[in-house]
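Engineer: Build me a model:
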Amino acid sequence: KATVSVLYWYIMLTRSLPLLWVLSTVSGDAQRRVEVVNEKGPAISPEFYMMFFETEINFGSEGGLYAEMVRNRDFEALGRGNLGDEEHEWQPPPEQKALTDEEMLKGFRLSMEDIRSENIPPPPPPIPTDFRPWEVTAGASAAISSSDAPFIRNNHTLVVTSNGTGGGITNPGYWGMNLPEGKLFNVSLYVKSSSVSNVTLMLRCGEVATASQTFPVTPEWQFSEANIRTSTKSCSDGHLFLRVDGAGTVSFDHVSVFPSDAVAGWFRPDLLEYLTKLSPPQLRLPGGNYLEGTTLDSRWAWKKTIGNRRNRPGHYSPWKYWVTDGMGLHELLVMCEIIGTQPLVSIYTGYSMGRPYVPLNESQQFVQNALDLIEYANGNTSTYWGAQRAANGHPLPFNVKHLEVGNEEHNMSAEGYPSHYKLITDAIWDKYPEMFIVASGFVVASKASGHRSGTCNPCVGGCGMQPQRCDVWDEHTYDRPDSMAQLHSLYDNYTETCHKINGQPCPPIYVLEYAAQSPSGGILQAAISEALLLIGGEKNANIVKGTAFAPVFCNNKGLTIRMPYNLVVFNSSASFAIPSFYTQKILRDNLGDYLLKTRTVDEAPPNNNTWNATTSYTTDSSGGTTAILKMVNYGEESIDVLVSMEGFKSVSVRDTADIITGDPMQQNTLNNPTAVINKVITIQPSKGTFNYTLVPYSVVVIKADIVM
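Structural biologist: Numbering: from 1, shown residues only. Have a look, this model is predicted:
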């Protein structure tokens, strides 16, 4: 095992203090060098650091970003999937039981094999008697009814019978409701009764009500709402209690609680802020597997996710829980508008996980759905779907400019993805020729030299098909940290090694799902390995046009798949971002406009470290030009690097730099959310040639004012 340097441990012991790296001007040869010359390279895509949003995985939206606090608010879950009576909190394996790389990856491989298997199970059937996580208190009983409901598409209600002793029903929310002192909440419900005159809604900490509101009840369905404020009693594990005030039977439907500070009335502010901080130029939605579902009926059907939220039928997520579709297409587009990003909307192709494609001659419905979606997003109010958008509160168009057709498509036979891609894109480009469309492939087998999919795909032809227009190709990369670190050169020889059929070159690349899978979860080691992939992409800016980590949000009690790495983790009252968030941010905040020709030279004796560097530049509005040097060191040894910047009229290295480093196993937690973050350090100014020590497991960004 490599010996950790004294410098590394010095940094570990003093990382809470101001840091000083000394840059010394040197002469002569060095064993490791970064040579930057005054030669303009390809433009770097301003959309390089994007975001992928799997709307529902690990209770990331319902139970998280979507601020509704009542679980199964419309009584439509009917026992399907995780219903809140279990906690699926991920814990790192004990030191003595640490997983090997192969054991760790086995869970993911099994998940992918299940997804691609033709035997993947369909959604579970409803259980008409199951209204979990609602519970009945003493003095009451309850049953699901489908005979009388206020909404056509949500025909289940809960009928509660009380003996008059104060009984009712409770709801724990998503593993507890956060009820801070003095906070305002909007509460609402549909209720009716012929035998009871009032019901009381309470927000409780234990058995103590911290806020309450009594509502009158009539024999016909009545919508009631109120704004109620919590008292001095506060908790983060509270619950809702609906008390029947008298003896008799009461019917309830769509019981809802939103905090008053929800952004646009829908979004939890602290979680939305993470998206704003990364400021992605594009956000891919509504997800990947979430788009596909496991059957045609369980796919993301966008038309069922718009309009009155109380009349949305909901569906069973492939991540094994029921969703109400409160976070529908309209809400997702509004979210993009709020954070200032362009939506990249995915289009269903006719493929659901584990199922064969819907035959091409039956797939015109998906073409029409795609065209209708564009009209909903962009059409003026004189169009049918544009008018629907206006009726939903957004008369101005969303101006969607980017679509992706499918997700991780793996069937590249003539009857599979290529023909479905052609059917959909021909229709879109016929009506909207300016629309930017992304073609989708499968997860990259990163160690393979020729990892692109199959003997044909829609971009290059084959299988008797002519090459089609592909604005960009999306492929996904998941691997263990040690292997991820080697992917810094994945696209160095892309033009030469990717499949060329009929003499056609492959299109540019998006990597819109990547993550280093560590058995220890979101640790710094994984983040540093991902940084190598990212700067490898930047170095190949003529090929790689966009990247995105996956997945983003996870309720720490709602882990629904064996992926213990999520960009942002939260509970009812707190949240934190893993180190990958901060490596992405340090690289995103220092994105150049054009590459500068950069050569890395390593003539030192071999060690276990992997390192790389890239340089770009940007010019501000006043004409000043800044060179941006990014270097990554993955390994337990410090590395001395000689940096030379030659051929410029002048070079002035600034006296500060951005860095993220630390113990490779360190991670952020709810109790210590900023254990690993990027920091600004002080360095010695230089005039263009200097020696820099890359400390173990680090990403550093150094800037210089240059005249080219």
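Engineer: which stretches of the stretch 251-400 of the chain form strands?
Structural biologist: Applying DSSP state E, counting those that start in this stretch to the stretch 251-400 of the chain gives strands spanning 282-285, 315-317, 321-323, 342-347.
Engineer: mind checking pLDDT for the closest residue to residue 261 other than its chain neighbours?
Structural biologist: Spatial nearest neighbour of residue 261, excluding adjacent residues (C-beta to C-beta, 6 or more residues apart in numbering): residue 269 at 5.7 Å. Any C-beta I mention is one placed from the backbone N, CA and C, and that applies to glycine too. pLDDT for residue 269: 98.
Engineer: if we can go back for a sec, dump the strands of the stretch 251-400 of the chain to TSV, plus mean neighbour count and mean pLDDT.
Structural biologist: Below are the strands of the stretch 251-400 of the chain laid out as TSV (neighbours: other C-beta atoms under 10 Å; pLDDT from 0 to 100):
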stretch	mean neighbour count	mean pLDDT
strand 282-285	25	98
strand 315-317	25	94
strand 321-323	25	95
strand 342-347	25	98
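Engineer: export those to JSON lines and tack on distance to residue 593?
Structural biologist: Formatted as JSON lines, those follow (distance: least, C-beta to C-beta, whole Å):
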{"stretch": "strand 282-285", "distance to residue 593": "18"}
{"stretch": "strand 315-317", "distance to residue 593": "40"}
{"stretch": "strand 321-323", "distance to residue 593": "41"}
{"stretch": "strand 342-347", "distance to residue 593": "19"}
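Engineer: if we compare those, which one ends up closest to residue 165?
Structural biologist: Residue 165 lies closest to strand 321-323 among these, at 32.1 Å (C-beta to C-beta).
Engineer: Could you list every helix and strand in contact with that closest one?
Structural biologist: Other helices and strands packing on strand 321-323, by 3 or more C-beta pairs under 8 Å, 6 or more residues apart in numbering; DSSP states H and E, are strand 315-317.
Engineer: So what are the sheet partners of the strand it packs on and their directions?
Structural biologist: With DSSP bridges as the test, strand 315-317 is paired with strand 321-323 (antiparallel).
Engineer: Need the contact partners of the strand it pairs with.
Structural biologist: Residues outside strand 321-323 that contact it (C-beta atoms under 8 Å, 6 or more residues apart in numbering): 56, 59, 61-62, 72, 76-78, 80-83, 314-317, 558, 560.
Engineer: Can I get the buried part of the residues you listed as one PyMOL selection?
Structural biologist: Of those, the buried ones go into a single PyMOL selection, burial set by 16 or more other C-beta atoms under 10 Å:
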select buried, resi 56+59+61+62+72+76+77+78+80+82+83+314+315+316+317+558+560
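Engineer: contact partners of stretch 416-429?
Structural biologist: 347, 349-351, 357, 360, 363-364, 366-367, 370-371, 374, 403, 405-406, 409-412, 435, 437, 439-440, 456-458, 463, 465, 468-469.
Engineer: ranges for the helices of the stretch 51-200 of the chain?
Structural biologist: Assigned by DSSP state H, counting those that start in this stretch, the stretch 51-200 of the chain shows helices spanning 101-116.
Engineer: Which parts of it are strands?
Structural biologist: Along the stretch 51-200 of the chain, counting by DSSP E, counting those that start in this stretch, strands occupy 51-52, 135-136, 140-145, 157-163, 168-171, 177-179, 184-192, 198-205.
Engineer: The stretch 601-708 of the chain too?
Structural biologist: Under DSSP E, counting those that start in this stretch, the stretch 601-708 of the chain gives strands at 610-619, 625-634, 639-646, 650-661, 679-683, 689-694, 698-707.
Engineer: Save those strands as CSV, and put in mean neighbour count too.
Structural biologist: Shown next, in CSV, are these (neighbours: other C-beta atoms under 10 Å):
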stretch, mean neighbour count
strand 610-619, 22
strand 625-634, 23
strand 639-646, 19
strand 650-661, 19
strand 679-683, 15
strand 689-694, 21
strand 698-707, 21
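Engineer: For the residue nearest to residue 261, give me its contacts.
Structural biologist: 261-263.
Engineer: Just the pLDDT at residue 413, thanks.
Structural biologist: On the pLDDT scale, residue 413 is placed at 82.
Engineer: you'd agree it is up against residue 463?
Structural biologist: Yes - Residue 413 is within contact range of residue 463, at 6.2 Å (criterion: C-beta atoms under 8 Å).
Engineer: and these two? which has more neighbours close in?
Structural biologist: More crowded of residue 413 and residue 463, by other C-beta atoms under 10 Å: residue 463, with 17 against 14.
Engineer: any idea how far that one is from residue 424?
Structural biologist: 17 Å (C-beta to C-beta, to the nearest Å).
Engineer: do the same with residue 634
Structural biologist: Distance of residue 634 to residue 424, computed by C-beta to C-beta: 41 Å.
Engineer: closest one to residue 139 among the strands of the stretch 601-708 of the chain?
Structural biologist: That would be, of those and by C-beta to C-beta, strand 650-661, which comes in at 56.6 Å.
Engineer: Who are the packing partners of the closest one?
Structural biologist: helix 524-539, helix 579-588, strand 679-683, strand 698-707.
Engineer: tell me the mean pLDDT for the third one?
Structural biologist: The pLDDT scores in strand 679-683 average 94.
Engineer: ok so, going back, include distance to residue 517 when you put the helices and strands packed on strand 650-661 into TSV, please.
Structural biologist: Shown next, in TSV, are the helices and strands packed on strand 650-661 (distance: least, C-beta to C-beta, whole Å):
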stretch	distance to residue 517
helix 524-539	8
helix 579-588	11
strand 679-683	26
strand 698-707	19
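Engineer: just so I know, which of those lies nearest residue 137?
Structural biologist: For residue 137, the closest of these is helix 579-588, at 41.6 Å, according to C-beta to C-beta.
Engineer: Would you mind putting the CA coordinates of the closest one into PDB?
Structural biologist: Provided in PDB are the C-alpha atoms of helix 579-588 (Å, rounded to 0.1, in the frame of the first residue of the first chain):
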ATOM      1  CA  PRO A 579     -18.700  15.400  -1.900                       C
ATOM      2  CA  SER A 580     -19.700  14.700  -5.500                       C
ATOM      3  CA  PHE A 581     -21.900  17.800  -5.300                       C
ATOM      4  CA  TYR A 582     -18.900  20.000  -4.400                       C
ATOM      5  CA  THR A 583     -16.500  18.500  -7.000                       C
ATOM      6  CA  GLN A 584     -19.100  19.100  -9.600                       C
ATOM      7  CA  LYS A 585     -19.600  22.700  -8.300                       C
ATOM      8  CA  ILE A 586     -15.900  23.500  -8.300                       C
ATOM      9  CA  LEU A 587     -15.600  22.300 -11.900                       C
ATOM     10  CA  ARG A 588     -18.900  23.900 -13.000                       C
END
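Engineer: from here on, count from 659
Structural biologist: Happy to do that; since the first residue is 659 now, the last one works out to helix 1237-1246.
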